[in-house]
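> Need coordinates for the following:
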Amino acid sequence: MSINALMLSASRVGDSAYLTHTVALIRPLTQPGQQWLFIPYAGVSVSYDEYLTKVQTALAPLPITINSIHQFADPKQAIQDAAGILVGGGNTFQLLNELYRYDLVHLIREKVQNGMPYVGWSAGSNITGNSIRTTNDMPIVEPPSFTALSILPFQLNPHYTNYQMPGHNGETRAQRLLEFTIVDPLTPVIGIQEGSALWRQGDKLTLIGDQTAYLFHGKQQEVEIAANSDLSEYLK
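Below is the predicted model of the structure:
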């Protein structure tokens, strides 16, 4: 079995309803009758029950049943028994901290490497890189490590935009990612805009959706990546 993982930039694009645009992208990873497991740990300002209901409602067109890891007494066994994993957005630091607290990082990495389908959006995509060092989130908790799932052997930056609000003097996203590439010039960062995703199928990696992505790597800064590009070279 080979990796089958979908990293969505966001749960919405523009004014669309929650997860609506993701249904067609997630469907190819599913099979009728499967039991998928949702991981809501990134949710901080919403209860896990509310988060699960929101996801179940939005993804109802898919031919799968979705339960949440918080409903099971043994989180590890819940992962072992699942046909696929969905990891929602929220705060990336909280998400990774909880995965470490329940000792799930290695298990999820192993299951995905052995073919279990994985779908993440926002924070759920952030954790698929080597680390969470290029998340946009506030570090509201301190995980034992920033090391993440390494489904992708580089860094991801979801919700990418370099828009700067008039009169605002904080760093742009591109400036923040430049700082990363200065301290770590060897590790690529790919910024994916809302409405797009990266889909890894074994040794193939594709930018899907109709949005441009952006590469930051050493002296290469905000280099445009055309929609639907083959990015398999970044898996080497």
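> mind listing the helices for this protein?
Taking DSSP state H as the criterion, the chain carries its helices at 23-26, 48-58, 75-81, 92-101, 105-113, 123-126, 173-183.
> Now that Asn136 has come up, it's in contact with Asn157, right?
Yes: if you go by C-beta atoms under 8 Å, Asn136 and Asn157 touch, sitting 7.2 Å apart. Just so you know, the C-beta spots here come from the backbone N, C-alpha and C atoms, and that holds for glycine as well.
> ok now do Asn157, which residues does it touch?
Asn157 sits next to 134-136, 173, 177, 189-192 when contact means C-beta atoms under 8 Å, 6 or more residues apart in numbering.
> Now do it, the pLDDT please.
Asn157 is assigned 98 on the pLDDT scale.
> Any figure for the gap between the spatially closest residue to it that is not a sequence neighbour and Thr212?
Using C-beta to C-beta, 6 or more residues apart in numbering and skipping the chain neighbours, the partner closest in space to Asn157 is Gly191 (4.2 Å). For Gly191, the distance to Thr212 equals 10 Å [C-beta to C-beta, to the nearest Å].
> rewinding a little: between Asn136 and Asn157, which contacts overlap?
Common neighbours of Asn136 and Asn157 (C-beta under 8 Å, 6+ apart) are Arg173.
> need the contact list for the residue nearest the centre of the chain.
Note on the chain: the residue nearest the mean C-alpha position is Ser125, at 0.8 Å, using C-alpha atoms, centre = their mean. By C-beta under 8 Å, 6+ apart, the residues touching Ser125 are 7-9, 156, 158, 192, 197-198.
> hmm, what's the outermost residue in the protein?
Most distant residue from the mean C-alpha position of the chain: Gly167, 31.3 Å away (C-alpha atoms, centre = their mean).
> For it, give me the pLDDT.
Model confidence at Gly167, given as pLDDT, is 91.
> Once you drop chain neighbours, what's closest to Leu96?
Of all residues not flanking Leu96 in the chain, Pro143 sits nearest, at 4.6 Å (C-beta to C-beta, 6+ apart).
> Give me the pLDDT for that neighbour.
98.
> ok, how many other residues are close to the residue nearest to Asn67 when sequence neighbours are not counted?
Distances taken as C-beta to C-beta, 6+ apart put Leu37 closest to Asn67, at 6.2 Å, once the chain neighbours are dropped. Here the count is done by other C-beta atoms under 10 Å, and Leu37 has 23 residues near it.
> Leu52 contacts Ile66, doesn't it?
Yes: between Leu52 and Ile66 there is a contact under C-beta under 8 Å: 7.4 Å.
> what is in contact with these two at once?
Shared contacts of Leu52 and Ile66 (C-beta under 8 Å, 6+ apart): Phe38.
> dump the residue contacts of the residue nearest to Ser131 when sequence neighbours are not counted.
Residue nearest to Ser131 in three dimensions, not counting chain neighbours: Phe146, with 4.5 Å by C-beta to C-beta, 6+ apart. Phe146 makes contact with 96, 131-133 under the criterion C-beta under 8 Å, 6+ apart.
> Leu156 bridge partners, please.
Ile190 (DSSP bridges).
> Surely it touches Thr134?
Yes: checked against C-beta under 8 Å, the pair Leu156 and Thr134 is within contact range at 6.7 Å.
> From Gly170, how far out is the residue nearest to Leu96?
25 Å.
> Next: Ala213.
In terms of C-beta to C-beta, Ala213 sits 23 Å off from Gly170.
> of these two, who's got more company?
Ranked by neighbour count (other C-beta under 10 Å), Ala213 and Gly170 place Ala213 first, with 24 against 8.
> Pairing partners for the more buried one in the sheet, please.
Ile192, Ile225.
> show me the contacts for it.
By C-beta under 8 Å, 6+ apart, the neighbours of Ala213 are 160, 190-193, 196, 207, 224-225, 227, 229.
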